[in-house]
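A.B. asks: for reference, the sequence and a predicted model appear below.
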Amino acid sequence: MNIPHKNAHLGIWGFGKVGRSAAHYLHEQGYCLSVMDKRVPTAQEQEYVQEKNITWYNEHEQETFFNSCDFIIPSPGINISPLCYATHSAKWVHELDFFYQQCNKPIIAITGSIGKTSVTHILAQLFKELSIPVAVGGNIGTPIFDLIAQQNNVDYTLLEASSFQLMHCTNFAPTLSIWTNFYPNHLDYHPSEAEYFSAKYNIVKHQKNNSLSLIPFTLREKIPAVPIHHIRAYFTITIPGNDQLLSLKDNEQLYYIKSNMVVRYAHGIHTPLMLLTPNLLHLSFIDNMLLIVSVCDLLKISSNTLETVATTINLPEHRVEYSGTIHNVDFYNDSKATTTASTLAAVEKLKNRPLHLFLGGLSKGVDRAPLIAQLKNQVKHIYCFGKEADMLYSMCFDNAIPSTHYANLDSAIKNCIDRIQSGDCVLLSPAGSSYDLYENYEQRGKHFKELIKSYMEKNYLSTRSS
């Protein structure tokens, strides 16, 4: 991809967080801009585009918009049809490709079906504790175009990258690519699981010589062989058999766990690296901690500081977030669990107590029946809520799992409160997107916490008055 010349007319498709960031940066660079969005601009947006001399198009004016622009920068959430993409094939400029061309510092990029936000957050905190300046953003936090201005003040850029961002990349080549895992997801956006996989694969596809990648060992046979001047590292919880170890090439290495010790295997040698203490195992899922210690080893930075991070970090909201205890019942908000794999991981983490589980949201084209089948004998009761509640309840019924179904979270919580007993655990981990009832998973998680807080306050007041 070539950076558009300064006389080019650039079109920004979508004026959400990414689109606004792109408009701000590109206007400062002197580009002539147009914006297209499906909605009518707010008064504030109208004032902004007029001030910056930006032309606004509605999506029904799409043909005029495309014809008037030399290049188009689509927001990642825009689902471009194959026909539209092919028709304007020479015009597309994707944010990750653009950033790669502009960035002069090493890029660490993280993708995966689950875990990428937690890994990004913990790594960012680790860099901070080590006094290593780093710019953090991408799919979370700071938009990519806003990161360009930070690059002269940092040693690394740390990006969380979604499949939407990676899907059409043609030259994005991080210095270190991290792929946390792969499970079916976003099949309402990607036409097939194979295309979803192909989008994720773009995080390693274009890497150059002397770059690094870290991926699950289970994906080794599913992607092309490693280029000879590229170091490919794998991670797996348990050590593979000797035949698999011996199949590793000179530029491949493996990280695994033995008795809670992270071990590197390379060139026939097993090297212990770091013991995963109770603090570290409490910090995040064991897969994530293995991956983070592996990153430290690959970048040759100290992993010992992770112990400090484990006791000082404020983890992101809505990922197995402890939300309170009353009468020996713990409540956890895992609203960010929009995939079945995320929910299974949360259930595994809390399985030592009788578990009340809230499932809901939209499936995103993924069959949730296998998830329900795996939950049999793992949960005490399932509360199905939202637009697909009846479907989820039917799956629970087929698997003889105690369950009930509700139109919304309020009524589901009310029923749960009547059922819980001392020693139980309550978990919101929907295994679906939030868009049936909420604007985003954050709003869903916040509502859950508000409902629990209200219950706790009422219970406290009734206890005080009795």
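C.D. replies: That came through, no problem.

A.B. asks: and residue 178, that's in a strand?
C.D. replies: Yes. Assessed with DSSP: H, G, I helix; E, B strand; the rest coil, residue 178 lies in a strand.

A.B. asks: let me know how buried it is, in neighbour terms.
C.D. replies: 32 (other C-beta atoms under 10 Å). In this view, the C-beta of every residue, glycine as well, is placed from N, C-alpha and C.

A.B. asks: which ones are touching it?
C.D. replies: 108-112, 119, 203, 213-215, 291, 295 (C-beta atoms under 8 Å, 6 or more residues apart in numbering).

A.B. asks: one more: residue 346?
C.D. replies: 320, 332, 334, 337, 427, 429.

A.B. asks: let's see 10 Å
C.D. replies: 114, 285, 319-320, 332, 334, 336-337, 355, 357, 427-429, 431 (C-beta atoms under 10 Å, 6 or more residues apart in numbering).

A.B. asks: drop anything exposed from the residues you listed.
C.D. replies: 114, 285, 319-320, 332, 334, 336-337, 355, 357, 427-429, 431 (16 or more other C-beta atoms under 10 Å).

A.B. asks: ok, so of those, who is nearest residue 380?
C.D. replies: residue 355 (5.7 Å; C-beta to C-beta).

A.B. asks: model confidence score at the closest one, please.
C.D. replies: pLDDT for residue 355: 97.

A.B. asks: same check, this time on residue 185
C.D. replies: 81.

A.B. asks: and it, how many neighbours?
C.D. replies: Residue 185, neighbours per other C-beta under 10 Å, totals 24.

A.B. asks: pLDDT below threshold where in the chain?
C.D. replies: Residue ranges of the chain with pLDDT under 70: 1-2, 460-466.

A.B. asks: my read is that residue 249 contacts residue 234, right?
C.D. replies: No. Using C-beta atoms under 10 Å, residue 249 is not in contact with residue 234; the gap is 11.5 Å.

A.B. asks: compare the two (neighbour count), which wins?
C.D. replies: residue 234 (22 against 10).

A.B. asks: any idea how far the closest residue to that one other than its chain neighbours is from residue 326?
C.D. replies: Nearest non-adjacent residue to residue 234, counting by C-beta to C-beta, 6 or more residues apart in numbering: residue 217, 4.0 Å away. From residue 217 over to residue 326 the distance is 43 Å, taken as C-beta to C-beta, to the nearest Å.

A.B. asks: residue 430 now?
C.D. replies: 22 Å.

A.B. asks: higher neighbour count, those two?
C.D. replies: Between residue 430 and residue 326, counting by other C-beta under 10 Å, residue 430 is the more crowded of the two (31 against 17).

A.B. asks: list the contacts for that one?
C.D. replies: 334-339, 342-343, 357-362, 384-386, 388, 392, 409, 436, 441, 444-445, 448.

A.B. asks: again, only this time at 7 Å
C.D. replies: By C-beta atoms under 7 Å, 6 or more residues apart in numbering, the contact set of residue 430 is 335, 337-338, 358-361.

A.B. asks: my guess is it is in a strand, correct?
C.D. replies: No. Looking at residue 430 with three-state DSSP, it is coil, so not inside a strand.

A.B. asks: which stretches of the stretch 351-466 of the chain form helices?
C.D. replies: 369-375, 389-398, 409-419, 441-465 (DSSP state H, counting those that start in this stretch).

A.B. asks: what comes into contact with the longest one?
C.D. replies: With C-beta under 7 Å, 6+ apart as the contact definition, helix 441-465 has outside contacts at 317-318, 323-324, 326, 331, 333, 335-336, 338, 409-410, 413, 417, 428, 434, 438.

A.B. asks: what of stretch 148-165?
C.D. replies: Contacts to stretch 148-165, defined as C-beta under 7 Å, 6+ apart, come from residues 25, 76-77, 95-96, 99, 102-111, 116-117, 120, 123-124, 127, 132-140, 147, 186, 189-190, 196, 199-200, 203.

A.B. asks: which of these are buried? Put it as a PyMOL command.
C.D. replies: Restricted to buried positions by 16+ other C-beta under 10 Å, the PyMOL selection for the contacts of stretch 148-165 reads:
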select buried, resi 25+76+95+96+99+102+103+105+106+107+108+109+110+111+116+117+120+123+124+127+134+135+136+137+138+139+147+186+189+190+196+199+200+203
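
A.B. asks: and for residue 212, the neighbour number?
C.D. replies: Neighbours around residue 212, by other C-beta under 10 Å: 20.

A.B. asks: got it, and residue 36?
C.D. replies: Around residue 36 there are 25 residues (other C-beta under 10 Å).

A.B. asks: that one and residue 146, how far apart?
C.D. replies: Where residue 146 is concerned, residue 36 sits at a distance of 21 Å (C-beta to C-beta).

A.B. asks: please apply the same query to residue 65.
C.D. replies: Distance of residue 65 to residue 146, given as C-beta to C-beta: 24 Å.

A.B. asks: who's more crowded, the two?
C.D. replies: residue 65 (21 against 18).

A.B. asks: can you confirm the more buried one is in a helix?
C.D. replies: Yes. According to three-state DSSP, residue 65 belongs to a helix.

A.B. asks: list the contacts for it?
C.D. replies: So residue 65 contacts 11, 34, 36, 57 (C-beta under 7 Å, 6+ apart).

A.B. asks: run through the bridge partners of the last one.
C.D. replies: Spelled out, that is residue 57. Taking DSSP bridges as the rule, residue 57 bridges to residue 36.

A.B. asks: closest to residue 48 out of the contacts of residue 65?
C.D. replies: Nearest to residue 48 among these: residue 34, at 13.6 Å, using C-beta to C-beta.

A.B. asks: now the closest one: which helix or strand?
C.D. replies: Element membership for residue 34 (DSSP states H and E) is strand 32-37.

A.B. asks: could you list the alpha-carbon positions for that strand in CSV?
C.D. replies: This file holds the C-alpha atoms of strand 32-37, laid out as CSV (Å, rounded to 0.1, in the frame of the first residue of the first chain):
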residue,chain,number,x,y,z
CYS,A,32,-9.1,17.1,1.4
LEU,A,33,-11.7,14.9,3.1
SER,A,34,-15.2,13.6,2.7
VAL,A,35,-17.2,11.5,5.3
MET,A,36,-20.0,9.0,4.7
ASP,A,37,-22.2,7.6,7.4
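
A.B. asks: counting by contacts, list what that strand packs against.
C.D. replies: With contacts taken as 3 or more C-beta pairs under 7 Å, 6 or more residues apart in numbering; DSSP states H and E, strand 32-37 sits against strand 9-13, helix 17-28, strand 55-58, helix 62-68.

A.B. asks: of these, which is nearest residue 207?
C.D. replies: The closest of the helices and strands packed on strand 32-37 to residue 207 is helix 17-28. By C-beta to C-beta, the value is 23.9 Å.

A.B. asks: that closest one: which residues count as buried?
C.D. replies: 18-23, 25-27.

A.B. asks: stretch 209-221 now?
C.D. replies: In stretch 209-221, counting by 16+ other C-beta under 10 Å, buried: 211-217, 219-220.
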